[in-house]
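Enquirer: pasting the sequence and the predicted model now:
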Protein chains: 2
Amino acid sequence: MEKAKRTDVNTLGEFGLIGHLTEAFAANQKTTLKGIGDDAAVIDAGEDAMLVSTDMLVEGIHFDLMYTPLKHLGYKSVVVNLSDIYAMNGMARQITYSIAISNKYSVEALEELYAGILLACEKYNVDLIGGDTTSSPKGMTISVTAIGRAAKDKIVYRSGAKPGDIVCVTGSLGAAYLGLQILEREKQIYLEAPKVQPDLAEETELIERILKPEARKDIVEYFQKNNILPTSMIDISDGLASELHHIAKASNVGLYVEESNIPVGQNTQLKAISFNIDPTTCAMHGGEDYELLFTVKPEDLDKVKFMPDLYIIGDITEASEGVKLHTSGGKIHDIPAQGWTHF
Amino acid sequence: MEKAKRTDVNTLGEFGLIGHLTEAFAANQKTTLKGIGDDAAVIDAGEDAMLVSTDMLVEGIHFDLMYTPLKHLGYKSVVVNLSDIYAMNGMARQITYSIAISNKYSVEALEELYAGILLACEKYNVDLIGGDTTSSPKGMTISVTAIGRAAKDKIVYRSGAKPGDIVCVTGSLGAAYLGLQILEREKQIYLEAPKVQPDLAEETELIERILKPEARKDIVEYFQKNNILPTSMIDISDGLASELHHIAKASNVGLYVEESNIPVGQNTQLKAISFNIDPTTCAMHGGEDYELLFTVKPEDLDKVKFMPDLYIIGDITEASEGVKLHTSGGKIHDIPAQGWTHF
């Protein structure tokens, strides 16, 4: 069929591939305020705007049912989509949930999954308004679309950072990645010796971060209450490094990050060392943290300085300065862009 | 894991399963005007409402790449979603498009798929505003969300039909089902004798109906121009019988259909006979026609009587009358509900 030319999908990378495939598409509708290229699309809805984001999760790629309880999967699959709405400084209101499953799954298994979906809907106050349920020859594929809302003048894009702005990040980074390493290790042990019972009590925090992450709705609420409007924002799904590059590229700026200011929790540090991985690497390239990375104007420093669970990690510079890490050892490095890619 | 109880997903049927899984979910957001249960969900957007519909298409279940060109697949996957927006009497404006693919697909194959998506976006005047592209261990899964808009007082639900209303259907029915039978037959012939070249010239119309269906945007435009507001509407994706039951159930009415008035094209009739299938069965249970089934008040009869490509097939009755077919032979039958289900 394709003897003339066959380019492997891996050659372009995920973002390169999407860019290539969608370059011919134009936004012709006057209600399309922002199309492809941010955490969520933006549609005119009168005074407000509607935010729309969608994600697909595939068994064997994004989740492994050997160690992912279905209730957790239901919960997480909703939360990671809501995170994209919060990353636009909006409030998530509705979701659609579609699932393709092979008939190896029972009604009871699906009930578990939907119990997790319900828990997320209740906790984040969103309505399930639609979806599709269909069969698949093999495995499970989930597609969630999150719909949110924001006042038009409060929407925060990736593209608004300016030189001099302060780079902030919430929560702590790298824990989800290490949680995944623990689960993968236990899976191997189980496959080799199914009767060994693991003791994961000490590792609960890290495992929870990968199996049951939370989205930072609280941060967006804090922004509203304290009249803070970030100049740019993105959620950390692919790792800090990848998101820093997205902000730098979309805003046409450079930036630097102080390694010593990157928030890495104590459990993450200890576990990283035991796995012989640099903790900063976990934060930079681990992914799945679902924290928020954002920038504020320098005059807003006082507003964010005492914000709970908030870390000031660097500054925005001119584009020519590149994306740099000031290491704890006093060196300056380029931050490579790659997060984790699934292809 | 589930030794206590294991209910097969097939026991409930697609609609039963969705109903069961989502019964605990409530619509708490005041912007959620209609959640699960119609062709699209309805969200408040100021003067207008936003319509949201989503579908999942799975290789080996909804499409067979042995006889489905990727460009056609791209086109169809968009069109079938837009059809749900038109079924609410709205205009589709945006889509998101997500795809999970194994690495057996090349960039060139994806370019073909996206060429079809682009064609549909241009023809139906919708913007591609987002999506997700990810890998899959095997095969292809597509998830499309269509977003549309309608004035709040012009939205047509499945639930508005009243006894005495006239039942109408657009276009012709059953062709897509026969197109599928032709393709399946050719696939078998090919698998047994790969060198036989089929002559499908006479069957182009039927094959086009399954591979490259169109959605009835023109009908919704006609309604607007001629000030017609149906009392209920649904698109015909699972077969006329299934959709008649959806209208009857949602509106709490009965209805009857005159078999002789069901529009079945000449090619469909001839091919049905050659396949030894009753043409009415093709129309009733074939599915994938993407025509519109709707009802109007009796006083609107004059408005629809001369509408192009429109057929008056029956009347709405009291719920106690059931869902009936008046056969060409003068008999009265119950119309069974089942469309085609994929589980």
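Expert: That came through fine.

Enquirer: where does the stretch 1-150 of chain A dip in pLDDT?
Expert: Along the stretch 1-150 of chain A, segments meeting pLDDT under 70 span A:1-4.

Enquirer: kindly tell me how buried the residue in chain A positioned nearest to chain B is, as a neighbour count.
Expert: Closest to chain B within chain A is residue A:46: 2.6 Å, counting by Cβ to the nearest Cβ. Backbone N, C-alpha and C define where each C-beta goes, glycine included. Residues lying near residue A:46 (other Cβ atoms under 10 Å in any protein chain shown) number 12.

Enquirer: would you mark the buried spots in stretch A:248-265?
Expert: A:248-251, A:253-259, A:262-265 (16 or more other Cβ atoms under 10 Å in any protein chain shown).

Enquirer: please apply the same query to stretch A:7-14.
Expert: In stretch A:7-14, counting by 16+ other Cβ under 10 Å, buried: A:7, A:9, A:12, A:14.

Enquirer: ends of that stretch, how far apart?
Expert: 14 Å (Cα to Cα, to the nearest Å).

Enquirer: so does it get close to chain B?
Expert: Yes: using Cβ under 8 Å from any Cβ of the partner chain, stretch A:7-14 comes into contact with chain B via A:7-12, A:14.

Enquirer: how about those in a markdown table, adding distance to residue A:22 and secondary structure?
Expert: Formatted as a markdown table, those follow (distance: Cβ to Cβ, whole Å; DSSP: H, G, I helix; E, B strand; the rest coil):
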| residue | distance to residue A:22 | secondary structure |
| --- | --- | --- |
| A:7 | 16 | coil |
| A:8 | 19 | strand |
| A:9 | 15 | helix |
| A:10 | 18 | helix |
| A:11 | 17 | helix |
| A:12 | 12 | coil |
| A:14 | 12 | helix |
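
Enquirer: tabulate the residues you listed (a markdown table), appending distance to residue A:318.
Expert: Output for those, formatted as a markdown table (distance: Cβ to Cβ, whole Å):
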| residue | distance to residue A:318 |
| --- | --- |
| A:7 | 35 |
| A:8 | 36 |
| A:9 | 35 |
| A:10 | 33 |
| A:11 | 31 |
| A:12 | 29 |
| A:14 | 28 |
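
Enquirer: these two touch, right, the residue of chain A closest to chain B and residue B:46?
Expert: Yes: using Cβ atoms under 8 Å, residue A:46 makes contact with residue B:46 at a distance of 2.6 Å.

Enquirer: what ranges do the strands span in the stretch 101-250 of chain A?
Expert: A:127-135, A:140-151, A:166-170, A:232-235 (DSSP state E, counting those that start in this stretch).

Enquirer: do stretch A:17-32 and chain B meet?
Expert: Yes: contact of stretch A:17-32 with chain B (Cβ under 8 Å from any Cβ) involves A:17-18, A:20-22, A:24-29, A:31-32.

Enquirer: cool, and stretch A:173-188?
Expert: No: under the criterion of Cβ under 8 Å from any Cβ, chain B is not reached by stretch A:173-188; the shortest gap measures 15.4 Å.

Enquirer: kindly provide the whole-number mean pLDDT of that stretch.
Expert: The pLDDT scores in stretch A:173-188 average 92.

Enquirer: pull the CA atoms of that stretch into PDB?
Expert: Extracted C-alpha coordinates of stretch A:173-188, given in PDB (Å, rounded to 0.1, in the frame of the first residue of the first chain):
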ATOM      1  CA  LEU A 173       7.700  17.000  41.500                       C
ATOM      2  CA  GLY A 174       9.100  13.600  40.600                       C
ATOM      3  CA  ALA A 175       7.000  11.500  43.000                       C
ATOM      4  CA  ALA A 176       4.700  10.000  40.400                       C
ATOM      5  CA  TYR A 177       7.600   8.800  38.400                       C
ATOM      6  CA  LEU A 178       9.200   7.000  41.300                       C
ATOM      7  CA  GLY A 179       5.800   5.600  42.300                       C
ATOM      8  CA  LEU A 180       5.700   4.100  38.800                       C
ATOM      9  CA  GLN A 181       9.200   2.600  39.200                       C
ATOM     10  CA  ILE A 182       8.100   1.000  42.400                       C
ATOM     11  CA  LEU A 183       5.000  -0.500  40.800                       C
ATOM     12  CA  GLU A 184       7.000  -1.800  37.800                       C
ATOM     13  CA  ARG A 185       9.600  -3.300  40.200                       C
ATOM     14  CA  GLU A 186       6.800  -5.100  42.200                       C
ATOM     15  CA  LYS A 187       5.300  -6.300  39.000                       C
ATOM     16  CA  GLN A 188       8.600  -8.000  38.000                       C
END
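
Enquirer: counting neighbours, which bits of that stretch end up buried?
Expert: Applying a neighbour-count criterion of 16+ other Cβ under 10 Å, one finds A:173-183, A:186 buried in stretch A:173-188.

Enquirer: of all residues in chain A, which one is nearest the centre?
Expert: With distances taken as Cα atoms, centre = their mean, residue A:237 lies nearest the centre of chain A, 2.3 Å away.

Enquirer: can you pull the residues of the stretch 101-250 of chain A lying near chain B?
Expert: Applying Cβ under 8 Å from any Cβ, we find that the stretch 101-250 of chain A lies next to chain B at A:101, A:103, A:105-111, A:114, A:118, A:121, A:125-139, A:141, A:143, A:145, A:147, A:149.

Enquirer: gap between stretch A:150-162 and the chain center?
Expert: The chain centroid and the centroid of stretch A:150-162 are separated by 18 Å, computed with Cα atoms, centre = their mean, to the nearest Å.

Enquirer: show me what counts as buried in it.
Expert: A:150, A:154-161.

Enquirer: and which of these is nearest to residue B:229?
Expert: Residue B:229 has its nearest neighbour among the buried residues of stretch A:150-162 in residue A:150, at 32.8 Å by Cβ to Cβ.

Enquirer: can I assume the closest one is in contact with residue A:90?
Expert: Yes: using Cβ under 8 Å, residue A:150 makes contact with residue A:90 at a distance of 3.5 Å.

Enquirer: what residues of stretch A:225-232 count as buried?
Expert: Across stretch A:225-232, burial judged by 16+ other Cβ under 10 Å covers A:228-232.

Enquirer: those residues into a markdown table, with extra columns for pLDDT?
Expert: Listed next are these as a markdown table, based on pLDDT from 0 to 100:
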| residue | pLDDT |
| --- | --- |
| A:228 | 97 |
| A:229 | 98 |
| A:230 | 98 |
| A:231 | 98 |
| A:232 | 98 |
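
Enquirer: do you know how far residue A:112 is from residue B:22?
Expert: Going from residue A:112 to residue B:22 by Cβ to Cβ, to the nearest Å gives 14 Å.

Enquirer: cool, and residue A:321?
Expert: With Cβ to Cβ as the criterion, residue A:321 and residue B:22 are 51 Å apart.

Enquirer: higher neighbour count, the two?
Expert: Under the criterion of other Cβ under 10 Å, the comparison of residue A:321 against residue B:22 puts residue B:22 first, with 20 against 15.

Enquirer: distance between the ends of stretch A:230-241?
Expert: Terminal residues of stretch A:230-241 are spaced 19 Å apart (Cα to Cα).

Enquirer: circling back: show me which of the residues of the stretch 101-250 of chain A next to chain B are buried.
Expert: Buried among these by 16+ other Cβ under 10 Å: A:101, A:105-107, A:109-111, A:114, A:118, A:121, A:126-136, A:138-139, A:141, A:143, A:145, A:147, A:149.

Enquirer: where along the stretch 51-200 of chain A do the helices fall?
Expert: Secondary structure of the stretch 51-200 of chain A (DSSP state H, counting those that start in this stretch): helices located at A:70-86, A:107-124, A:175-192.

Enquirer: using TSV, lay out those helices together with distance to residue B:294.
Expert: Below are those laid out as TSV (distance: least, Cβ to Cβ, whole Å):
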stretch	distance to residue B:294
helix A:70-86	34
helix A:107-124	32
helix A:175-192	49
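
Enquirer: out of those, flag the one nearest residue A:39.
Expert: Taking Cβ to Cβ, helix A:70-86 is the member of those nearest to residue A:39, at 4.2 Å.

Enquirer: other SSEs contacting the closest one?
Expert: Other elements packing on helix A:70-86 under the criterion 3 or more Cβ pairs under 8 Å, 6 or more residues apart in numbering or on different chains; DSSP states H and E are strand A:48-58, strand A:91-101, helix A:107-124, strand A:140-151, helix A:217-225, strand A:232-235.
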